[in-house]
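[1] please work out how this folds:
(one chain, ligands or ions: 1)
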Amino acid sequence: MVSRVIPVDPFDLVIFGATGDLARRKILPGLFRRFCSGQMPEGARIVGAARSDMDDAGFRAMVAESIAEFGGGRSCEAGTLDAFLERLGYEAVDAKGEGGWEALKARLRPDTVRAFYFSVAPSLFGALAERLKGFGLADDESRVVVEKPFGHDLESAKALNDTLRRHFDETQIYRIDHYLGKETVQNLMAVRFGNMLFEPLWNAQYVDHIQITVAETVDVGGRGGYYDTSGAMRDMVQNHLMQLLCLIAMEPPARFEPDAVRDEKLKVIRALDPVEYHHIVRGQYAADDSQPGYRAHVENPRSTTESFIALKCHISNWRWAGTPFYLRTGKKLKTRASEIAVVFKDAPHSIFGADAGRHRNVLSIRLQPNEGMTLDVTIKEPGPGGMRLVDVPLDMSFAEALGPEAEEVPDAYERLIMDVIRGNQTLFMRGDEVEAAWAWTDPIIAGWQSRGEVPKPYEPRSVGPEEAQILMHKDGRRWRELKS
Ligand code: NAP
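    Okay, the predicted model is just below:
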């Protein structure tokens with residue numbers, strides 16, 4: 001396989017919140033990896049910005065530390081780090097103040113793509129947007145990148161959209177959902193729309209159900225303050241799982257272009273039925289002998305925020321009527337694994353008789369760990385003893401299939417930042433998509449609140465509350481085993 005480098009124009013990227021956790025863990029090391037793989041143009045400059053008082057040298061030292069801690073993965077030629085650090089500068093600005101903005105402006109070059117990454121709390125988006133325009137840093141060609149959470153509910157998401165659109169056109173706003181930057185997620189589109197094999201079967205007539213799982217082993221850790229105001233529904237389902245659902249369920253777009261893809265995703269969200277309350281299980285991890293439970297990780301000792309959710313939903317359109325979609329996500333589970341599984345129906349008639357058992361094709365798309373895909377097919381069990389059937393996986397691990405080049409697959413943040421520079425919004429959420437997702441989520445949350453619902457406790461390092469298993473069993477189905 002020959003890797004192809006798509007040229008990127010020279011750019012000035014300003015990262016607001018450059019001293020923060022996300023910038024240090026993901027954004028800056030990701031940019032370095034891009035630099036290492038030769039995919040950053042000669043004219044690329046990165047300017048960090050935050051309130052902390054620091055000069056260029058101090059910022060470079062901080063970034064070097066971050067790269068040492070979080071950068072790993074790929075080998076870089078000697079001297080590359082220094083060459084990368086030379087591209088970096090820093091300017092102290094307060095999003096809500098007036099100082100530093102002229103100096104920041106002076107660092108930006110004319111006739112160069114400008115991107116402003118808002119890696120700060122959403123409450124600062126408005127102040128930043130206003131100053132970028134007011135001080136003349138941003139023009140009609142500039143791009144702004146905003147992080148999740150994009151709102152807390154429909155009303156706040158609309159307010160955020162209004163704030164950003166007062167200063168920027170929708171074509172300039174890049175709402176990041178890093179799940180969309182994952183290689184496998186894009187591969188899902190390649191598999192669906194690049195092959196003749198799957199798409200004819202990709203509907204309610206042939207698909208029994210679909211499972212989407214994002215399981216984490218970590219607890220809420222240091223994010224307890226934020227997480228307790230959010231919970232799994234807002235933190236994971238409304239954005240990441242919803243985006244995966246859209247890509248699985250959408251109609252083929254006419255072209256692989258931003259609005260063609262996003263129009264189809266939006267139609268899926270709008271076709272989602274309201275979820276019946278008995279089709280949702282909320283859970284909260286309990287304490288065990290060795291470790292504290294959820295409530296010890298947050299300030300409120302009586303918190304009723306969920307750290308786990310499992311739900312069944314339906315899409316009311318011709319393609320999917322009658323096919324359930326099961327979604328589950330949670331923290332402190334036994335395995336870290338994310339997977340989309342398309343479970344096909346049984347063959348209409350078994351010529352092998354009842355003894356042959358029940359066999360189903362399952363296409364599973366693994367997001368982590370070991371990104372890849374598996375197709376379970378039924379074959380004859382080898383050897384004597386008559387026609388016994390067995391399911392075997394046709395396994396395509398990217399690491400195995402692509403060899404050393406899989407190592408070079410960029411991580412989600414790297415890819416998405418370069419898409420911003422290229423001006424490609426395909427893998428970013430449009431404002432109306434985000435609002436539609438909240439419009440579906442809000443009544444579910446309001447229902448819990450009005451019923452005073454308390455999440456079910458579940459054992460740490462388990463598969464979540466028993467009720468989540470029952471949700472499936474009642475339908476004669478079961479969750480796929482979580483494999484690490
Ligand atoms: P963080 O560690 O608290 O960092 C916040 C950054 O904002 C710091 O660099 C801080 O630097 C800067 N800042 C705060 N007030 C400012 C002001 N008035 N003017 C200019 N800069 C200011 O937060 P984070 O975890 O990096 O998260 C940043 C954003 O990404 C948030 O919206 C978060 O929800 C989102 N996000 C984070 C993660 C993650 O893994 N961390 C994942 C997904 C999304 P100074 O104090 O020096 O000003």
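[2] which positions in the chain make contact with the ligand?
    Residues of the chain lying near the ligand by CB under 6 Å from any ligand atom: 16-23, 50-52, 94-96, 119-122, 124, 147-149. From N, CA and C alone the C-beta is placed, and that goes for glycine too.
[3] just read off the phi/psi values of whichever residue of the stretch 251-400 of the chain sits closest to the ligand.
    Residue nearest to the ligand within the stretch 251-400 of the chain: residue 331 (13.9 Å; CB to the nearest ligand atom). Residue 331 adopts backbone torsions of phi -100, psi 160, taken as degrees, to the nearest 10.
[4] can you pull the contacts of it?
    By CB atoms under 8 Å, 6 or more residues apart in numbering, the contact set of residue 331 is 216-220, 232, 285, 307-308.
[5] and if you look at residue 93?
    16, 49-51, 99-101, 104, 131.
[6] could you dump the contacts of residue 331 into JSON lines with distance to residue 252 added?
    As requested, these are exported to JSON lines (distance: CB to CB, whole Å):
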{"residue": "216", "distance to residue 252": "32"}
{"residue": "217", "distance to residue 252": "36"}
{"residue": "218", "distance to residue 252": "36"}
{"residue": "219", "distance to residue 252": "40"}
{"residue": "220", "distance to residue 252": "39"}
{"residue": "232", "distance to residue 252": "31"}
{"residue": "285", "distance to residue 252": "40"}
{"residue": "307", "distance to residue 252": "36"}
{"residue": "308", "distance to residue 252": "34"}
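[7] buried ones among those?
    Buried members of the contacts of residue 331, counted by 16 or more other CB atoms under 10 Å: 216-217, 219-220, 232, 285, 307-308.
[8] what would these look like in a markdown table with pLDDT?
    Conversion of the buried ones among the contacts of residue 331 to a markdown table gives the following (pLDDT from 0 to 100):
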| residue | pLDDT |
| --- | --- |
| 216 | 96 |
| 217 | 96 |
| 219 | 94 |
| 220 | 93 |
| 232 | 98 |
| 285 | 97 |
| 307 | 98 |
| 308 | 98 |
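[9] identify the farthest-apart pair in the residues you listed.
    217 and 232 (14.5 Å; CB to CB).
[10] residues near residue 208, how many?
    Residues lying near residue 208 (other CB atoms under 10 Å) number 18.
[11] test my guess that it contacts residue 322.
    No - taking CB atoms under 8 Å as the definition, residue 208 is not a contact partner of residue 322, at 10.0 Å.
[12] and the pLDDT at the closest residue to the ligand within the stretch 1-150 of the chain?
    Of all residues in the stretch 1-150 of the chain, the one sitting closest to the ligand is residue 20 (2.2 Å; CB to the nearest ligand atom). Note for residue 20: predicted pLDDT of 96.
[13] circling back to that earlier point, and which of the buried ones among the contacts of residue 331 is nearest residue 390?
    Once CB to CB is applied, the member of the buried ones among the contacts of residue 331 that ends up nearest residue 390 is residue 217, at 31.0 Å.
[14] hmm, residue 463 and the closest one touching each other?
    No - contact status for residue 217 versus residue 463: not in contact, 11.8 Å apart, counting by CB under 8 Å.
[15] overlap in contacts of these two?
    333-334.
[16] re the thing from before, tell me the one of the contacts of residue 93 nearest residue 437?
    Of the contacts of residue 93, the one sitting nearest to residue 437 (CB to CB) turns out to be residue 16, at 25.1 Å.
[17] who's in contact with that closest one?
    Going by CB under 8 Å, 6+ apart, the list of residues near residue 16 reads 49-50, 93, 95, 116-120, 124, 128.
[18] surely residue 200 forms part of a helix?
    Yes - looking at residue 200 with DSSP: H, G, I helix; E, B strand; the rest coil, it is inside a helix.
[19] distance of it from the ligand?
    Counting by CB to the nearest ligand atom, to the nearest Å, the gap from residue 200 to the ligand is 38 Å.
[20] any idea which residue sits dead centre in this protein?
    In the chain, the centroid-proximal residue (CA atoms, centre = their mean) is residue 179; its distance is 2.2 Å.
[21] how near is that residue to residue 236?
    Counting by CB to CB, to the nearest Å, the separation of residue 179 from residue 236 is 10 Å.
[22] returning to what we had before: let me know the pLDDT of the residue nearest to the centre of the chain.
    With respect to pLDDT, residue 179 scores 90.
[23] now swap in the one 5 residues further on and tell me
    Residue 184 carries a pLDDT value of 85.
[24] going by residue numbers, what spans are helices in the stretch 251-400 of the chain?
    Under the criterion DSSP state H, counting those that start in this stretch, the stretch 251-400 of the chain contains helices at 258-271, 294-297, 398-402.
[25] just the endpoints, please. Distance across stretch 452-467?
    18 Å (CA to CA, to the nearest Å).
[26] that one: how far from the chain's middle?
    24 Å (CA atoms, centre = their mean, to the nearest Å).
[27] and the contacts of that stretch?
    Residues contacting stretch 452-467 (CB under 8 Å, 6+ apart): 217, 219, 281-288, 291, 293, 304-308, 310, 328, 330, 332-334, 447, 469, 479, 482.
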